[in-house]
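# Whatever this is, show me its structure:
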Amino acid sequence: MKKIVLSIVITLATMSTFAQNNKNNITVNGVYNYDITPEYSSKMIVSLTNVYYDVQAVTMAEVKSGYLAKLAKIGINSDRLEEDKLHYALMGYEKEGTIFVFKTKSLEEMQKFLNVKAFGVSRSDTTLETQLTQEQISDYSKAAFDNAKSKAMAIASKLGRKIGKAIYISDTNPSKISESMYYGNTKEKRDYYISVSFELD
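Numbers count the residues shown, from 1 in each chain. Sure thing, here's the model as predicted:
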């Protein structure tokens, strides 16, 4: 019985301390909106599987050359394409084929590339990628922290209190951003979020 009573007392004391601690701090989210300069990447499946017509004489070489010729007409030469035969093999198609990968930092050029239609060619996926430097991460985190601090000060002021030092900071932003452009996501701005807890005086 004494053990049960002691356990209840300890539990109540812990809850009381937790409640008291919660009254003495405030947690807010900070955000900073920044620009990105992504690289765009698109994969095209060039395959006899995509040849739906009953044309027995068509070869893979003809499908490839026809597609490359159309790209050349808009100023994209074959030396700017990467060929990924392993990726195509892993996709499990029965007929001969390959995958061409095109990368550019120009959204306009990527749109021109995607507009090229050719016999035996279909699109796999298009993505945008960017890598934040350590300096950028530091700058964006500081800016988001300042935003969080401003929010905390405004809230504390309404309560007739002041904020103290930061006692907890959570930053879960990835340093590498890789996103599908399937839904037309072409915006070159992103938000950097952090969560900060401040003491309340």
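
# rest of the way, CA atoms for contacts and neighbours
Noted.

# longest helix anywhere in this protein?
helix 134-158 (DSSP state H).

# what does the next helix or strand after that one contact?
Where DSSP states H and E defines the elements, the next helix or strand beyond helix 134-158 is strand 163-170. The contact list for strand 163-170 (Cα atoms under 8 Å, 6 or more residues apart in numbering) reads 152-153, 156, 194-201.

# And the next helix or strand past the worst-scoring helix or strand of the chain on mean pLDDT?
Across the helices and strands of the chain, mean confidence by mean pLDDT, DSSP states H and E is lowest for helix 2-23: a mean of 41. Next helix or strand after helix 2-23 toward the C-terminus (DSSP H and E): strand 25-35.

# List the buried residues for that following strand?
By 16 or more other Cα atoms under 10 Å, the buried positions in strand 25-35 come out as 25-32.

# How about stretch 119-133?
119-122, 126-129.

# and the protein, what are its domains?
Domains of the chain are assigned by automatic domain parsing as 25-37+132-200, 40-126.

# okay, those in JSON lines with mean pLDDT next?
Formatted as JSON lines, the domains of the chain follow (pLDDT from 0 to 100):
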{"stretch": "domain 25-37+132-200", "mean pLDDT": "94"}
{"stretch": "domain 40-126", "mean pLDDT": "92"}
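
# so who does Ala143 touch?
31-32.

# I should have written Lys189 there, sorry.
33-36.

# ok, of the buried residues of strand 25-35, which one's closest to Ser178?
Tyr32 (19.0 Å; Cα to Cα).
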